[in-house]
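>>> sequence and predicted structure are below.
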Amino acid sequence: MFKITRLPLMVSILGLWVCLLIQANTGFACTRILWNTNKQGVFVARTMDFSSPFGERIVVYPRGMKMKGMPGENPATWVSRYGIVGILPYDLVQTLSKSLPKSLDPLSSGMPREVGITDGMNEKGLAAHKLVLASSKYEKRDPSTPGLSSGMWIHYMLGNFETVKDAVAGLQKIQLTSFGQNDIPTHMAMEDPTGDSAVIEVIDGKMVVYHGQEHRVMTNDPPYPDQLANLQRNRSSGSSAQSIPGGIESSDRFVRAATFLETLPDPKDNAEAVSYLYSVIRNVSVPFGAIYRSLPGAQTYPTWWASVLDLTNRIYYFNDTHSLNFIWVDLKALDFSAGRPLKFLDPGRTGITGDVTEKFLSTP
């Protein structure tokens with residue numbers, strides 16, 4: 001069920017909707033880039049690329065939340081030890097909740113409906129990011145092991161663990177599962193302020209963990225080992241700045257991100273580090289209307305937002321593609337005390353810019 005490899009939510013309803021889109025168009029995108037080799041700290045960036053936006057909200061989740069990993073028999077259960085700031089596809093969740101069966105409604109388990117985040121960081125600086133991987137194939141459910149839906153994956157990691165090492169160990173205690181065709185086929189990347197990193201995939205019914213600081217880039221299909229092999233082939237063929245692939249395919253973005261990450265100059269301060277990493281994540285963002293080489297005429301999955309997380313200083317930077325303003329949240333200044341309500345921020349709200357730590361509301 002579990003293998004560690006080292007190399008040189010609306011859970012079901014949301015998942016069904018996404019899977020239908022994936023089956024219709026395999027040009028989906030997303031990119032994660034970890035920069036853990038500079039002198040200022042540890043920084044990670046990701047894009048959210050899809051056929052349409054999800055009406056995201058930035059949500060503050062307090063400690064002490066009672067969580068359930070899935071409907072059905074023997075779900076993983078836990079009480080969150082750490083507060084979390086996460087990105088929630090809020091509008092999509094609200095739309096789909098209208099037809100949600102009671103048995104799948106988080107409210108029936110004592111949880112809020114606003115769960116199922118796609119990206120996040122906890123108060124200790126552990127961060128996690130889910131990206132679509134259509135090659136994912138979950139193993140048959142074993143009810144003797146606590147089950148965790150991929151929709152609750154990030155909540156489980158960030159609510160329970162402080163480091164990548166501990167989170168990887170925690171994976172051995174649960175079974176990542178799905179509900180037939182109804183769960184999102186994803187893989188996940190994690191990193192912490194020490195620079196440690198892990199990429200986790202479920203291929204042919206087996207969970208595989210690539211653990212180590214060298215695992216800095218993740219995109220989409222094919223699976224991670226194939227992406228590394230393609231990167232090596234590109235470099236073995238004498239890759240230069242002129243021959244770096246410029247397409248928007250997942251494999252092109254992987255090579256481009258890995259190459260430009262290695263040539264970043266050392267920043268003089270944190271602001272420069274964030275700017276430098278944003279320059280790379282923009283280079284692998286998908287422009288509106290861009291054409292897929294392998295799927296000419298297919299619908300474009302453009303970049304709707306991009307984030308940079310400063311794990312060292314616990315600052316979450318966010319930029320919506322339709323906004324000219326950058327915003328950021330300082331996790332050190334948030335109150336994650338148990339019993340506090342969820343707090344929400346609409347990043348598309350008119351007039352917000354800069355530090356928005358004090359601008360969260362009790363309603364979405």
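Structure's in. What do you need?

>>> which stretches in the stretch 51-200 of the chain count as strands?
57-61, 66-68, 77-79, 84-88, 119-122, 127-132, 147-149, 175-177, 186-191, 197-203 (DSSP state E, counting those that start in this stretch).

>>> adding mean neighbour count, write those strands out as JSON lines.
Glycine gets a C-beta too; all of them are placed from N, C-alpha and C. Output for the strands of the stretch 51-200 of the chain, formatted as JSON lines (neighbours: other C-beta atoms under 10 Å):
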{"stretch": "strand 57-61", "mean neighbour count": "24"}
{"stretch": "strand 66-68", "mean neighbour count": "18"}
{"stretch": "strand 77-79", "mean neighbour count": "14"}
{"stretch": "strand 84-88", "mean neighbour count": "26"}
{"stretch": "strand 119-122", "mean neighbour count": "27"}
{"stretch": "strand 127-132", "mean neighbour count": "28"}
{"stretch": "strand 147-149", "mean neighbour count": "25"}
{"stretch": "strand 175-177", "mean neighbour count": "25"}
{"stretch": "strand 186-191", "mean neighbour count": "27"}
{"stretch": "strand 197-203", "mean neighbour count": "23"}
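
>>> quick one: closest of the ones you listed to residue 228.
Nearest of the strands of the stretch 51-200 of the chain to residue 228, taken as C-beta to C-beta: strand 197-203 at 10.0 Å.

>>> using CSV, list the CA coordinates for that closest one.
The C-alpha coordinates for strand 197-203 follow below in CSV (Å, rounded to 0.1, in the frame of the first residue of the first chain):
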residue,chain,number,x,y,z
SER,A,197,10.1,18.2,0.2
ALA,A,198,8.0,15.3,-0.9
VAL,A,199,5.9,14.4,-4.0
ILE,A,200,3.2,11.8,-3.4
GLU,A,201,1.4,9.9,-6.1
VAL,A,202,-0.9,6.9,-6.2
ILE,A,203,-0.1,4.8,-9.3
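
>>> tell me how far that strand lies from the chain's centre.
Computed by C-alpha atoms, centre = their mean, to the nearest Å, the chain-centroid distance of strand 197-203 equals 12 Å.

>>> hmm, back to that, nearest to residue 168, of the strands of the stretch 51-200 of the chain?
strand 197-203 (5.6 Å).
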